[in-house]
Every structure is written in C-alpha cells, then in structure tokens.
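**Q** Structure, please.
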Amino acid sequence: MFRNKKKIRLPRFGEGGLGYICPMNPVFLKAEWRKLILANYAFDRNILKKYLPAKTEFDSWNGTDYVSLVGFLFKNATVKGVAVPFHTTFEEVNLRFYVRFYENGEWKRGVVFVKEIVPKKIIASVANKLFKEHYIACKMNHLWEEFGDRFNVWYSWKNKKVQNIISVKAENIALEIPVGSCEEFITEHYYGYSKFNGQKTGEYKVEHPRWKVYPVTDHYIQCDFETNYGEDFKSLTGMIPDSVYLAEGSEIKVHKKVFK
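**A** Down below sits the predicted model:
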C-alpha cells in the first residue's frame, strides 16, 4: 500500500531536524560509531576517477578534494534487530573520499569507500556480499586513555605483517562543529555510494545527529597506504595530513542498500 508513497522531505541532520523518512527503504543496521579519528589529505581527483560510482560527482570543500583515513569503534551493532554474538563491538579503519548525487531536485552528499578494514572475517564477508563494498579482515586493536582534561585515542591494525597506527591526543571537551567549516564538510555526509557498474550505483543512507568534536592537540599516523589501499595511494605514506579531527560520534542507523 506504500508503493506510490513519496519520500517525505524533512530538515536533514545538521539543520535541527530528523533526516529523511523513506518508508520503502527500511533500516538494516543499528549501532554506535564512537571516537572517530578523521585524518584528511588533499588528493588529486584524477587518481580517484576510476573509483567514482556512476551518476555521482566529486564533492569538494573550498575547491579541494579530500580523502580521509578514518578509525573508529563500532559498538552494539544489530542487524535487523538481531545482535550477532562476539560481533557487536569491533574496530574499523577505512579510506574514503567525498561525492554527491543529484536526485529529485536536490544534491545528496555521500562518501565512497576505497577499502574498509575490520577484525572479523565474517563481518567482512557479510558486508561485501550485502553492501558490495571492499572489506578485508586484519588483526586490530584500540586504546582509549583518559587523563582528566585530556585523553588519547588510537587504533592499530596489521596487514601483510605491516603494523599500522592512527592516533590522537585531544582535550576532553566536546565542542559544536562550526557551520561552514571543514569539520562540517568532513562529517556531514549522510549517504554511502559504491561502484556497481558503468550505469548503476549502490546507495545507502546513514542517519545520525550532528556530531561534536574534541580539540586535537597532537596526532601520530603510521600507515603503509600502498599495502592497505593500493599503489594509487602510496603517495600518502608519510605525508602530513591537512587536518585531523576527533569526533565523539553517536548512535547510527544504516538503511538497506538500493541501486540507482
């Protein structure tokens, strides 16, 4: 009976609203994304063109295209309301870039994942099968240390015997993200897009409130980008990122993937 029901437009997250309601696209996964480290690098879009899904275009901030190395903790995950034992809380590290998709008179802002790294083979297998993404499984770990007015967050993973780390030191005060800032650009993308073929693109919507960020005072990144993400990204190894942010994160909802 909902076949002809149109998508209802409400203010998106970041505008004080509740996002989009789409009765025909149910929530597939619920979880929390917490303590997200986002290291952002200016990057040549010509290198990224072969990863660009059909019908999308690059989304840039102040004329600059970015790729982001992102590490965070996945907590309390349920799939269609069911928690899978020993697979509800785990680390993830991914490399992503930013795109937009025009539909029904509006631009939808999203990300494309070059590759996502998780510690469990079954998680990688299910995600690749259901979402047509590029997950791999590696041995991973994380540490959160709090020292009153400051804390440390780091995520590590070993891929092909190469140890990798992304870490920050931050002040223990959560701040609102300024409107029009680079932090807003990096965090305010609410769709995931994946390359399916030359004509179709996979799309899924992610719901979450506007995040807060912690002031980062120092960071350390040891990542072999070529080993983890391929030769196209080897220039990032040892490069100092343009910016590094630490977001608190929140509860999230991921909708079922559709193809367009």
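
**Q** Ile240 is in what secondary structure piece?
**A** Secondary structure assignment for Ile240, by DSSP states H and E: no helix or strand.

**Q** Could I get the contacting residues of it?
**A** Listed by Cβ atoms under 8 Å, 6 or more residues apart in numbering, the contact set of Ile240 is empty. C-beta: built from backbone N, CA, C; applies to glycine.

**Q** How much space separates it from His219?
**A** 9 Å (Cβ to Cβ, to the nearest Å).

**Q** Then Trp107?
**A** Applying Cβ to Cβ to Trp107 and His219 gives a distance of 31 Å.

**Q** for Val27, same thing?
**A** 34 Å.

**Q** Which one's more surrounded, these two?
**A** Each of Val27 and His219 has its neighbours counted (other Cβ atoms under 10 Å); His219 has more, 20 against 16.

**Q** On the three-state scheme, the closest residue to Trp61 other than its chain neighbours is what?
**A** Leaving aside its chain neighbours, Trp61 sits nearest to Phe185 (4.1 Å; criterion: Cβ to Cβ, 6 or more residues apart in numbering). What DSSP: H, G, I helix; E, B strand; the rest coil gives for Phe185 is helix.

**Q** how far away is Val213 from Glu226?
**A** 30 Å.

**Q** Who has more neighbours out of the two?
**A** Counted by other Cβ under 10 Å, Val213 and Glu226 do not tie: Val213 has more neighbours, with 23 against 15.

**Q** who are the neighbours in contact with that one?
**A** By Cβ under 8 Å, 6+ apart, the neighbours of Val213 are 174-175, 177, 183, 187, 245-248.

**Q** you'd agree it is in a helix?
**A** No - per three-state DSSP, Val213 lies outside any helix segment and is strand.

**Q** mind listing the strands in the stretch 1-150 of the chain by residue range?
**A** 27-42, 56-58, 66-79, 90-103, 106-118, 135-137, 139-146, 150-159 (DSSP state E, counting those that start in this stretch).

**Q** I'd like those strands as TSV, with mean pLDDT and distance to Val206 appended.
**A** Formatted as TSV, the strands of the stretch 1-150 of the chain follow (pLDDT from 0 to 100; distance: least, Cβ to Cβ, whole Å):
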stretch	mean pLDDT	distance to Val206
strand 27-42	94	9
strand 56-58	97	16
strand 66-79	93	13
strand 90-103	97	12
strand 106-118	96	9
strand 135-137	92	16
strand 139-146	96	21
strand 150-159	97	20
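
**Q** coming back round to it: most neighbours among the contacts of Val213, which one?
**A** Tyr245 (26 neighbours).

**Q** Nearest residue to that one in space, ignoring adjacent ones along the chain?
**A** Leu38 is the one closest to Tyr245 (Cβ to Cβ, 6+ apart), at 4.6 Å.

**Q** hey, what's Lys139 bridged with?
**A** Counting by DSSP bridges, Lys139 forms beta bridges with Lys158.

**Q** Next, count neighbours for it.
**A** 10.

**Q** ok, now the one 4 residues further on?
**A** The local packing count at Leu143 equals 10, with neighbours defined by other Cβ under 10 Å.

**Q** Same check on Asn46?
**A** Neighbour tally, Asn46, other Cβ under 10 Å: 8.
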